[in-house]
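Trainee: coordinates for the following, if possible.
(chains A and B)
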Amino acid sequence: MTLWTLAAAGLRHHWRAHVGVVLGAAVGCTVLVGALLVGSSVKLSLRVLADQRLGRTAWALSGRDRLFREELAANMTETLGDPVAPVLQLSGKAGRSDGSARANRVSVLGVDERFSELSIEDALPVPGPGEVVLNERLALQLNAVPGDQLVLRVRKASAISLDAPLAPHEDDSVALGVRVKAVAGGDRLGNFSLQANQVPPFNAFCALRDLQTATGLAGKDGEPARANLLLGGTAAGSETLRSALSKVWTLADAELKVMPCTQGGLELRTDRIFFDAETEAVALQAAPGARGIFSYFVNEIRAGERATPYSMVAAMGTPMVPDEMKDDEILLNAWLAEDLNAKTGAEVELAYFVVGPMQKLEEHRRRFTVRGVLPLEGATDDPTLMPDFPGLAHTDNCKDWDPSFPVDLDRIRDKDESYWDDYRGTPKAFVTLAAGRDMWTSRFGALTAVRYPDAKDREALAGEMRKRLDPAQLGLAIVPARANADASTADALDFGPLFVGFSFFLIVAAVLLMALLFVFGVERRAEEVGVLLAVGFTPVQVRRVLMLEGAALALAGGVFGSLCGIAYAQFMLYGLATIWRDAVQTSALSFHFDALALAAGAMGGVAVCLIAVILAVRKQVRRPARDLLSGSVTDEPVRMGRSRGRWVAIVSTVAALGIVVAMGARRDMVAAGGFFGAGALLLSAGLGALAALLSGLRGKGGAAASFGLGVLAVRNGTRRRGRSLATAGLLASGSFLIVAIGAFRLDAQLDATSRASGTGGFALLAQSALPIARDLNAKAVQDAYNFTDGELKNVQFVPLRLREGDDASCLNLSRAQQPQVWGVDPSVLAERKAFSFAAAEDGSGANPWLLLDAPAEGDVVPCILDQNTAQWGLHKGIGDTIEYTDGLGRRFYMRIVATVANSILQGAVLVSEARFVEKFPGVSGYRIFLIDAPSERAEAVSAVLSMQLGDLGFEATPAPRRLAEFNAVQNTYLSTFQVLGGLGLLLGSIGLGVVVLRNVLERRGELALLRAVGFTRGGLRRMVFGEHGALLVAGLGCGVVAAFVAVVPALRAPGGGFPFASLSVTLAAVLMNGLLWTWAATVFALRGPMLNALRNE
Amino acid sequence: MLLELQGVGKRFESAGGGAVLEILKDINLSVEAGESLAVVGPSGSGKSTLLNIIGALDRPTTGRVAFEGRDLAALDDDALAELRSRRIGFIFQAHHLLPQCSVLENVLVPTLILRDADLKASAEVRARELLQRVGLTERIAHHPGQLSGGERQRVAVVRALINRPKLLLADEPTGALDAGTASQLGELLVELNRDLGVTLITVTHAAGLAERMGRRLELRGGTLVQSSEANNP
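Mentor: As a prediction, the model looks like this:
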C-alpha cells in the first residue's frame, strides 16, 4: 500500500464522478492541441505551397529591369555543373479570344524544357510554338481548357526606361495568339513565383522562343537572345554563385557593347542609351584617353528668323570640340550654318525637351554663340554619334519617325529629309560636354557613348570593363529564392497562438469546468479527507494524494483530448477554408499531422489542467478534521461587504459614464477602445451591484409573513455568495467578451469619402499590369487613350511607382521578405491630408507625409507604411528599419517615420518618389493609382478606366471595397473568436449545472427537512431552479448590458456589420442551455427518497 | 504521566461577533499510561470537543495540554499530525472507512505516512494479526460496503491501533451500533486496553461501555467532575 495505490483506489472507486473531470480536461486539451495543430498545418501548408511555387529552384538571378543573354544560363550551367534555366518573365494580361473573360496582372513566362526540369514531381508540360500552359488559377479565371484560344498581351521588353528622355511608347505592347496546351497544377510548377504568397499568381507559360520573338528579344543581327531570369536548382553558397557569375558574365549581360568606332579606336555604347553613373565612372577609367559623348535630340535650332527642326546635337570634347571652347559656344556643321545662314559670332538658340515627372515634357531653350563652322566631312560626318533612339534610329525617312514625344512632321522640309537620307543622325551642332550635361542630364545618365581613340583590342577593353564592374551593381542580383521561401514560411503568421487566443474562453471554460467537477468530487469526499487528517496525514500529504488523482485524470483527459484535437484541427481548417476564408484568402490549407505540436498541445493542456487541479486542491483540506468528519457545512465568510460592492458599482458606473461622454461622437479605434473600457467598467459595476444585493439580502431578517419559497430561494442564493458571484461573473464576463469584441469590427464604408478615413478619401485604387509613364490627369494623355469628354470629369489621379515585391499585408500569410515598395509624391497626399496616422516620429508636425521628403541619411531612406502592415506583416514599429536591396544590387534601409491607421495602403512600403527613382532607377512608369472621383460615379469610372486602359492591364477597385478586403481579415478573426467564445460560454453554462448539483447535494439534508415538513418536490424544484436561474439571468444580463455599451461604435456605424443575428442566437443558446442544465441538475439532485438524507443527518 | 490537561478551556465566538459560547472551563485531567477512562455527559456538553483537544485535532482557548510531557501548544500543525500518526489512535461514531479501499488497505492507511521504515515494513503483518484478533481474517479483502456495521467499526478500531499508539481515543464508538454489537465492541476495547497496554479514553452516552472503563468522568456545565469510582477492568 502506497500513496499511489491509495490514489489509484480513489480513482477506481470514484470513476463515475471522474468521468466529467476527464471530459473537461479532454475538452481543454482538444482545443489546445487542435489550435496548435492548426498552426502547424498552416505552416506546413505554406511550406508545401512554397515548394509548389519554387519547385527545385534554389536560387534565382533576377535581372529585374535588365535583359541579359539567354546563353548566360548555359554558361552558368557549365561553370556550376548543374542545369540552370533561362526565363523571360514579363507582366501582361490574358484574355479569351472572344473577349468573354480576361485576367490582368498575368505573369507571362517564356520557358523551355530546362524550366520544366525544376518541377519536383510531375514536370510542367513544355509549351511548344503557339502554345501556352496556364496555371489552375488563371485557367479558372479565364474558364479555359486545353485547346482554347487565348490572347496574351505583354509589353515589348526594352532596355530603355519608359521614364527616360526620348523613351519608347508606353503602349508598345504586343499580342500573342496562343492555344492552351495544358493546365498545370501546383505540383507541376504551375504556381511558380519568387514572391511568397499563399494565393498563386496568374501564370501563363509560353515557349521561350515565342515570347522572345514577339518582344524582339530573340536575337538577330549578331544580337544575342535575351532573358531576364535565371533559375538554378542546386543549392550553392552565395559566394560560389557570385564567383560563377563573375567568371561567365559578359558586357552584353549588362546591355553594354564595345564596337569599332568609325573614327578609329573603339566605342562603348549601351542598349539603355544612357550610361548609369557607375558604368560611366568605370567606362571613363577603362582605357587611357576615354572620351565621353552626350548626343541629344533637339526640337529646333534657331538663328533669328530661320530655324532648323529636329536635329541631333552632340556634346563632346576633342577632336570635334576644342578644349578651350566655352560652354556658351557652339560649332555648327556646314549644312546647318547654311540653313540658318549663321556665321561665326552669330547667336543661335537650341530648343529641347527635358522630361519631368510623369513624362511631362518641358521644352527648354538655351542660347549659344557660334564659335565656328565645321565642314560636313571626315570626323564631322559621323552618323554613329546618334544613339539608337527608339522610333528614330532605324527609320528610312523622317516622315516615318515614330518617337514617343510629340514631333510635328509637317515641319520637316525636303532638305531635312535629304539630310536624313545622306547623313542619317549625324549631329548638326556640337557643344562642350559640360554644356550638354547641364542641359540634358537626367537620372538615367549623362553620357550616350564613350570613345577610346587609342584602343584597338575589343576583348581587352571588354575584359577591363568586366574586371572593374560588379554584376550586382548592374542589377544582376542573385536571390536566394529557397532560403527566402524558408524564411517567409518560418516567420509566417503563426496560427497556433492565434487560435489558442481565439479559443481562450473555451479553454478557460473547459478547465474551470474540470476544476469545478474535481473540487466537487473532493468536497463530496470530505469524510475521507477528515479520516486521513485524523490518522496523522498532514493537509499537504492529503492534497498530494488528491493531486495524484487529479494528475491521473488530467493525463487521461490529455490523451483523449489529443486524439479529439486532431479532429478539432481538421474541423477548424475546414472552417478556414470555408466560412473563415476571408482571413486566409485560400482554400489550399490542409491538415498536416505534427507530432511535436500534438505533444506540445497535450503537455500544455495537461499542465493547465494540473495547475487548475493544484489551485483547486490548494483550497481544499483547509477545514479541520473534526468538521470534515462531522459532515458539517459552514457558510463561507462574507468577503466583500455590502458597502464595498455598492461603492464598486457606483464608482464604476460614474467612470463608465465619464468615458462615454468623453468619447462623444468619435468614431475611430480610440472610441472603440474607450467604449470597450466603459463596457468593462459597467460589467464591474454590475457585479459589484450583485455582490451588494446578495449581501443585503443575506443580512435581511425579513418579516415572517413574507417568508415563502421565493424568499428562501433568494436567501439560498446569498448563502454561497462567493460561488454565486463566481458563477454569475463567469457568465457575465463570457457574454460581455463575446458581444463586446464586436466593437472592434472594422467597417470600410464608414466615412469612406473622408480624407481621414482608411480610403484616404480616394474613390478608387488601381493597379496596372504594364507601367504608365504619362500623366493621366493631362487632357492630351486622356485623349491619347481615347477617353471621351466628361468620362473623367472631376477625376484626379495620384500615380505611384511600384517596385514589385512580396505583399506585406494581412492577406499574405507568409512573412514578406522583400515587401513591395511604392514611390509617391508626398506633397500630393499632404495637400489632400489623406489618411490618418496611427503614429509618427516626434517633430513630424501636422503632416507626417512630408517626413518622406527628408533627404536620405547615408543609406537610410524614410518610409511610411500602414500600421497593420508594420505591426503584423513586418513586425516593425516607428524608428525601425527595413533592409532592402536597390535596383543596383546595393543594400539600403528604409526607416519607418510614420504609420497610417488601417488603410488601403496595407501591404506596401511607401517612400518618396524622389528616393524611389534614386534607388530603383530602372523601374519605369507608374503602376499604382489612387483616384479621386465622385463617389456616386466610382463604379462607372472604374469601368471606363478598365475599358480604355485595358491593354495596360489596368484594374481599378473601389477603395472601400479594397479596404473591406483587408478589414475582412480582422472581422473574420473576430467572428472566429465569437464562435469559439460562444462554445466556451455554452460549456460555462454546463458549469452552472454542476454548481446547481453541488449546491443541492450539499444541502440535501436541509432540503429533505423541507420535504419532511410538507414542501412538495415540485415546490423544491422551483425554488432551486429559481435561485440558480436568477444567477444565470443576472450573469448574462450583466454581461450583455455592459457589452452593448462597448459596441456603441459598431452599432452606430452606417450599415455596420454588427452580427446581431449570430450573437442573439449564441446568447439565446447560452441562456437555453444554462436553463436546461440548471433544470436537469435540479431534477437530478432532488430525485429519490430525500428523507434518507435526513436520517443520515 | 501520559496525558495532563491543566486549566483547559474552549470558547467559540459566534460568526456575527455576538455572544461567546464557553464549552469547556478550567478542565484539569491527568491520565496515566494504560489507564482506561470514560467521559460521559449530556449532548452538547463538550465531550467531543474535549476529545478533539486531547487528540490534537483542536487547540484549547486557554490552558495547557501535555502529552508524554510535551506541551502540545508548542507543536506546529505538522508536528501535531506526526503525533497523531505515531502516538494517538482515533475511533469515531461513524467508522469513516474509505469506500474505495479494502479492509486491509483501510487498516494500512495510517502507515502510508510513516517515516520509520521498519514499522512500515512490518505494518501488513501487524494489520493481519490485529484483524485476526478482532475476527476479520476472512474479510480482509472485502470493501467496507460488504461489511456489517459491527465489522466496519472493528476495522476502524484496528486502523486506530495499527501504528501502536499510546493513546486510543474513541468518540461514541458504539453510537451507531445495536446493543449486541455495541457490547462486543466494548469488550474488544477493554481487552485491547488490557492486553496491549494502550491508554483508552472514550466519550460515550452508553452507560454499559462507560462502566467497563477504569475511571469515569462527567462533563457538566463545561467542567469535568468525578462521576463514580473506577471499576476494575
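Trainee: pretty sure A:Ala656 contacts A:Phe676?
Mentor: No: at 10.9 Å, A:Ala656 and A:Phe676 do not qualify as touching, with contact defined as CB atoms under 8 Å. C-betas here are computed from N, CA, C, even on glycine.
Trainee: for the chain, longest helix please?
Mentor: Let's take chain A. Assignment by DSSP state H gives helix A:959-1002 as the longest helix of chain A.
Trainee: wait, chain B
Mentor: Determined from DSSP H, the single longest helix within chain B is helix B:179-196.
Trainee: residue contacts, the residue of the stretch 451-600 of chain A found nearest chain B?
Mentor: Nearest to chain B, among the residues of the stretch 451-600 of chain A, is A:Gly536, at 2.5 Å (CB to the nearest CB). The contact partners of A:Gly536, taken as CB atoms under 8 Å, 6 or more residues apart in numbering or on different chains, are B:Ala81, B:Glu82, B:Leu83, B:Arg84, B:Ser85, B:Arg86, B:Ile88, B:Pro110, B:Ile113, B:Asn163.
Trainee: for those residues, which one is nearest chain A?
Mentor: Using CB to the nearest CB, B:Ser85 is the member of the contacts of A:Gly536 that sits closest to chain A, with 2.5 Å.
Trainee: quick check: which element contains the closest one?
Mentor: Element membership for B:Ser85 (DSSP states H and E) is helix B:77-87.
Trainee: contacting residues around that helix?
Mentor: The contact list for helix B:77-87, computed with CB under 8 Å, 6+ apart, reads A:533-539, A:541, B:55-57, B:67-68, B:72, B:75, B:90, B:110, B:113-114, B:163, B:165-167.
Trainee: and these, which are buried?
Mentor: Buried by 16 or more other CB atoms under 10 Å in any protein chain shown: A:533-539, A:541, B:55-57, B:67, B:72, B:75, B:90, B:110, B:113-114, B:163, B:165-167, out of the contacts of helix B:77-87.
Trainee: in helices only, show me these.
Mentor: Among these, DSSP H puts A:Leu533, A:Ala534, A:Pro539, A:Gln541 in helices.
Trainee: so which of the residues you listed reach chain B?
Mentor: Restricting these to those near chain B by CB under 8 Å from any CB of the partner chain leaves A:Leu533, A:Ala534, A:Pro539, A:Gln541.
Trainee: could I get those as a markdown table with distance to B:Gln6?
Mentor: Formatted as a markdown table, those follow (distance: CB to CB, whole Å):
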| residue | distance to B:Gln6 |
| --- | --- |
| A:Leu533 | 26 |
| A:Ala534 | 25 |
| A:Pro539 | 29 |
| A:Gln541 | 31 |
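Trainee: Serialize the residues you listed to a markdown table and add fields for pLDDT.
Mentor: Below are those laid out as a markdown table (pLDDT from 0 to 100):
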| residue | pLDDT |
| --- | --- |
| A:Leu533 | 85 |
| A:Ala534 | 83 |
| A:Pro539 | 86 |
| A:Gln541 | 86 |
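Trainee: near chain A, which residues of chain B show up?
Mentor: B:15, B:48, B:52, B:55, B:57-58, B:77-78, B:81-86, B:88, B:90, B:92, B:94, B:96-101, B:104-105, B:108-113, B:124, B:159-160, B:163.
Trainee: any idea which helix or strand in chain A has the lowest mean pLDDT?
Mentor: Here the helix or strand of chain A ranked lowest by mean pLDDT, DSSP states H and E is helix A:1091-1096, holding a mean of 50.
Trainee: roughly how far is the lowest-mean-pLDDT helix or strand in chain B from the heart of the chain?
Mentor: Here the helix or strand of chain B ranked lowest by mean pLDDT, DSSP H and E is strand B:223-228, holding a mean of 78. Computed by CA atoms, centre = their mean, to the nearest Å, the chain-centroid distance of strand B:223-228 equals 19 Å.
Trainee: can you give me the buried ones in that strand?
Mentor: Judged by neighbour count using 16+ other CB under 10 Å, the buried positions of strand B:223-228 are B:Leu224, B:Ser227.
Trainee: got the contact list for that strand?
Mentor: By CB under 8 Å, 6+ apart, the residues outside strand B:223-228 that reach it are B:24-29, B:38-40, B:50, B:210, B:216-218.
Trainee: apply 6 Å and report the result again.
Mentor: With contact meaning CB atoms under 6 Å, 6 or more residues apart in numbering or on different chains, strand B:223-228 is reached by B:Lys25, B:Ile27, B:Arg216, B:Leu217, B:Glu218.
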